[in-house]
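After the sequence you'll find the predicted model.
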Amino acid sequence: MECRPDLLAANWAKTKATLFAGRLPLTTKVLMGVVVSAVRGSTGTLAPFLRLLISRADVGRPVLAAVMENRLDDPALSPVEGAVLTFARAAAADLRPSKEGLRAAGLDDEEIFEVVATVDLATSLGAFTDGLGIEPELSSP
C-alpha cells in the first residue's frame, strides 16, 4: 500500500482498532482471522494471522489443533470461542450466519459488533492480498 499512504494509514488504523481494542480477547479475534482466511483460501492472510497468534496471543495446542482441523465443537474451545468461530466460518462462506448462536453463548451487542468487525477485517485483508497475488511470508522477520 506504499503507493497510497492514505489507504495504508486507514487500514492500519482499522486493524489496530479491530484487533487490539474492545472486550473480546485478541486470541479469539486472531482465531477468527485464521478461520476466515482458511475458509476463503486467503493464503496471504492465513500466515500472518497464524504468526500473530503464535507471537502475541495466548493459545494452547488443543485449541489451535481444533481450529486448524475445523473442529469448532471441540471441548478444547470455550462455548464463546466455539460460537464466535462457527459464526466466522459461516460468514466467510457467505452463508449469512445468525447472531442467535452468539447471543446464546452470552455475547452482547458490543461483542457481536466486534465479531462482525473482525470477520470484515479478515475478509477485506484477504481480498486485498489475494487480489494483488501477495504470497505469505513463511519465515520469521
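On my side now, so go ahead.

pLDDT value on the closest residue to residue 46 other than its chain neighbours, please?
With Cβ to Cβ, 6 or more residues apart in numbering as the criterion, residue 46 has its nearest non-adjacent residue at 3.9 Å, and that residue is residue 37. (Each C-beta comes from the backbone N, C-alpha and C, glycine too.) Listed pLDDT for residue 37 reads 92.

isn't residue 37 right next to residue 123, touching?
No. Checked against Cβ atoms under 8 Å, the pair residue 37 and residue 123 is beyond contact range at 9.0 Å.

Between those two, point out the one with more neighbours.
Neighbours per residue, other Cβ atoms under 10 Å: of residue 37 and residue 123, the larger number sits with residue 37, 26 against 21.

what residues are up against that one?
Going by Cβ atoms under 8 Å, 6 or more residues apart in numbering, residue 37 touches 43, 45, 46, 49, 122, 126.

of all those residues, which two lie farthest apart?
43 and 122 (12.9 Å; Cβ to Cβ).

From the neighbour counts alone, determine which of the two ranks first.
residue 122 (29 against 16).

quick one: terminal-to-terminal distance for stretch 35-53?
This stretch, stretch 35-53, spans 12 Å end to end (Cα to Cα, to the nearest Å).

Make a markdown table from the contacts of residue 37 and add distance to residue 33, pLDDT and secondary structure to it.
Formatted as a markdown table, the contacts of residue 37 follow (distance: Cβ to Cβ, whole Å; pLDDT from 0 to 100; DSSP: H, G, I helix; E, B strand; the rest coil):
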| residue | distance to residue 33 | pLDDT | secondary structure |
| --- | --- | --- | --- |
| 43 | 13 | 83 | helix |
| 45 | 7 | 85 | helix |
| 46 | 8 | 86 | helix |
| 49 | 4 | 86 | helix |
| 122 | 4 | 94 | helix |
| 126 | 9 | 89 | helix |
